[in-house]
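Asker: my questions are about this predicted structure, shown below with the sequence.
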Amino acid sequence: MTGGVTNGRAGRARWAPAVLAALGLLAGACGSGPETVQQSGPGTGAVTVRQSSPAATTSTSSAGSLVAGRYQPLWPFADEEQVREWQESYRSGGHQPWHLDAERTALSFTQGFLGFTDVDRVVKRTVTGADARVSVGIRGEGGGRPGIAAVIHLVRFGTGPDAPWEVVGTDDTTFSLTTPRYGAVVSSPVKVGGRITGVDESIRVRVRATGSAGPLGERCCVSAGGDDAPWSATVTFRAAPGRTLTLVASTGGHVAEVERFTVTGVRVAQ
């Protein structure tokens, strides 16, 4: 990622309007984890990627509330009961088939749930069995290549050939949200933070949850910048005990209102 965004190959999301119209029936969000690995590509050298973490379960989380027994269910389904209800409606009447498309789910999460409408295209996708990474992005300056705003991690939720895609986190490079850790039990106010590379960044943090029309808490704006520099903020929120929350941090203002974002999933203390 350079200059606030990562260049990638252009992708088109022709289905976005239809998908967003369906979002009134289901709502929810995603998580960055603390794991760090080194990835490399041709001519790019090593890149530090903070991945969504399957190890971040807690004593208050039951296996039935997690995706594949290890990930936080961020969006669009809150639990397996909701998954089964959708499967029944899909099998009987073909209801909301977009849940079976990882790209459409990632774009709907970004635009419909998070409200980042300028992030309007899929730049890249990688699907391996029941696991997917979808890079969503913004229009490039002067008609150039689009920039990647986030790499969204999705996993099939439930069982059967029609198990839908669920957002469980983001893979982060130059902008991360690693505090609190993925899957942590939190209470209000919560301290959030991570690391960022960029110049004159302004970070907005929101607390969201499946089924809520707007943020449950918000903090704006946190000044940050530098080379892999730390950032932090404290956010107050109101949510029911035991509820899964999506903490969302975004930055932009150079090319678009939102140029990069990162999410993590936590649970409210009982």
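Answerer: Everything's here; your move.
Asker: okay, now the residue nearest to Ser250 when sequence neighbours are not counted: neighbour count?
Answerer: Closest residue to Ser250 apart from its sequence neighbours, by CB to CB, 6 or more residues apart in numbering: Phe261 at 4.0 Å. Bear in mind the C-beta positions are built from the backbone N, C-alpha and C, glycine included. Other residues near Phe261 come to 27 when the count uses other CB atoms under 10 Å.
Asker: checking Phe261 next. Helix, strand or coil?
Answerer: Secondary structure state of Phe261, per DSSP: H, G, I helix; E, B strand; the rest coil, is strand.
Asker: what about the strands in the stretch 151-270 of the chain?
Answerer: Using DSSP state E, counting those that start in this stretch, the strands of the stretch 151-270 of the chain run over 165-171, 185-186, 190-208, 217-235, 244-251, 260-268.
Asker: for the longest helix seen in the chain, what is the distance to the chain centroid?
Answerer: Determined from DSSP state H, the single longest helix within the chain is helix 80-93. The chain centroid and the centroid of helix 80-93 are separated by 23 Å under CA atoms, centre = their mean, to the nearest Å.
Asker: again with stretch 114-131
Answerer: The answer for stretch 114-131 is 9 Å, by CA atoms, centre = their mean.
Asker: in that stretch, what counts as buried?
Answerer: Using 16 or more other CB atoms under 10 Å as the test for burial, stretch 114-131 gives 114, 116, 118-125, 131.
Asker: show me which pair in those residues is furthest apart.
Answerer: Within the buried residues of stretch 114-131, Asp118 and Asp131 form the most distant pair, 27.4 Å apart (CB to CB).
Asker: residue at max distance from the center of this protein?
Answerer: Residue farthest from the centre of the chain, counting by CA atoms, centre = their mean, is Ser92 at 30.2 Å.
Asker: quick check: that one vs Asp162, distance?
Answerer: 12 Å (CB to CB, to the nearest Å).
Asker: now swap in Gly253 and tell me
Answerer: 41 Å.
Asker: I appreciate the help and will end here.
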